Structure formats: structure tokens, C-alpha cells
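**Student:** give me coordinates for this.
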Amino acid sequence: ALHEWFMQQLPTLSRKSVTTDAIQYALNQWQALTRYLDDGEIEIDNNAAERVLRGVAIGRKNYLFQGSDAGGERAATLYSLLETAKLNGINPEAYLRHVLSVIADYPVNRMDELLPWRVQL
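**Tutor:** Got it, this is the predicted structure:
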């Protein structure tokens, strides 16, 4: 019914209006917009994913004020690593303690073994 209503409204609106743009966008994305109707396991929204990523977004804004670009990049890298550890079910403090205890003598060509999804604590 919404699709039909959109189609009825388009001829009555100015082509340059914001409402026309919004309706055109919805119609162009209609298949993705209604995908959840065809599969009962697909959620109607992505609130769960957005809640998980909220910490990353807040951290990113905090790191705008690190004093320099290099400091911000380092802080963002560390924050991303710790958030990835959380997403992989690893205690971030234990992960960081482990990595810092072994990284000095670790072979450079095997650093990928220290990534949160590969390390065994």
C-alpha cells in the first residue's frame, strides 16, 4: 500500500522538492527496504548492530582531540583493536596484557597471529 501511495503522490509533487527526493530514494531502494517481508529471520531494523558499533562511534569522536593526527591515529588503532577483542568475546585487558608481554620478541612475519580473532588466551 505504501508503494502504491508513493506512486500516486509523485505526479502531484514538484520534481525539485525534498519530498520527491525522499520518495524517489525509497522507491529506488524498495527491494532492500522490503526484503525482511520475504524472510522471517531478517530483522526489520539493524538496531542490534548499531548498538554494538555505538562504542566505536563515540571513541572516534573522542579521538578528534588527541593533540595531533598521529596521536589520533594511534588512539583509534588501539581502540579498534580493543573493540575487536570485545566483539570476539575476549577480555580486552587480558588481550592487551598478553600482546604486550609477547610482542617484543615476536617475529614480524607472524604478527597476524596476535589479532584478536586468532589469539588463544
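**Student:** how far away is Asn91 from Ala48?
**Tutor:** For Asn91, the distance to Ala48 equals 22 Å [CB to CB, to the nearest Å]. No exception for glycine: its C-beta is placed from N, CA and C like everyone else's.
**Student:** tell me which of those two has more neighbours.
**Tutor:** The residue with more neighbours, out of Asn91 and Ala48, is Asn91; 12 against 9, by other CB atoms under 10 Å.
**Student:** ok, the more buried one - contacts?
**Tutor:** Each residue near Asn91 by CB atoms under 8 Å, 6 or more residues apart in numbering is listed here: Ala85, Leu121.
**Student:** now swap in Thr84 and tell me
**Tutor:** Leu115, Pro116, Trp117.
**Student:** so Glu50 is in which element?
**Tutor:** Here Glu50, judged by DSSP states H and E, is contained in helix 47-62.
**Student:** which of the contacts of Thr84 tops the neighbour count?
**Tutor:** Result: Pro116 is most packed of those (other CB under 10 Å), 20 neighbours.
**Student:** my guess is it contacts Gly89, does it?
**Tutor:** No - between Pro116 and Gly89 there is no contact under CB atoms under 8 Å: 9.2 Å.
**Student:** closest to the centroid, which residue in the protein?
**Tutor:** Nearest to the mean C-alpha position of the chain, by CA atoms, centre = their mean, lies Leu53 at 5.2 Å.
**Student:** relative to Gly72, how far out is it?
**Tutor:** According to CB to CB, Leu53 and Gly72 sit 19 Å apart.
**Student:** could you do His3 as well?
**Tutor:** In this view, His3 and Gly72 are 45 Å apart by CB to CB.
**Student:** again with Glu83
**Tutor:** Distance, Glu83 to Gly72, using CB to CB: 16 Å.
**Student:** counting neighbours, which bits of the longest helix anywhere in the chain end up buried?
**Tutor:** Looking across the chain with DSSP state H, the single longest helix is helix 69-87. By neighbour count with 16 or more other CB atoms under 10 Å, helix 69-87 contains the buried residues Gly72, Ala75, Ala76, Tyr79, Leu81, Leu82, Glu83, Thr84, Ala85.
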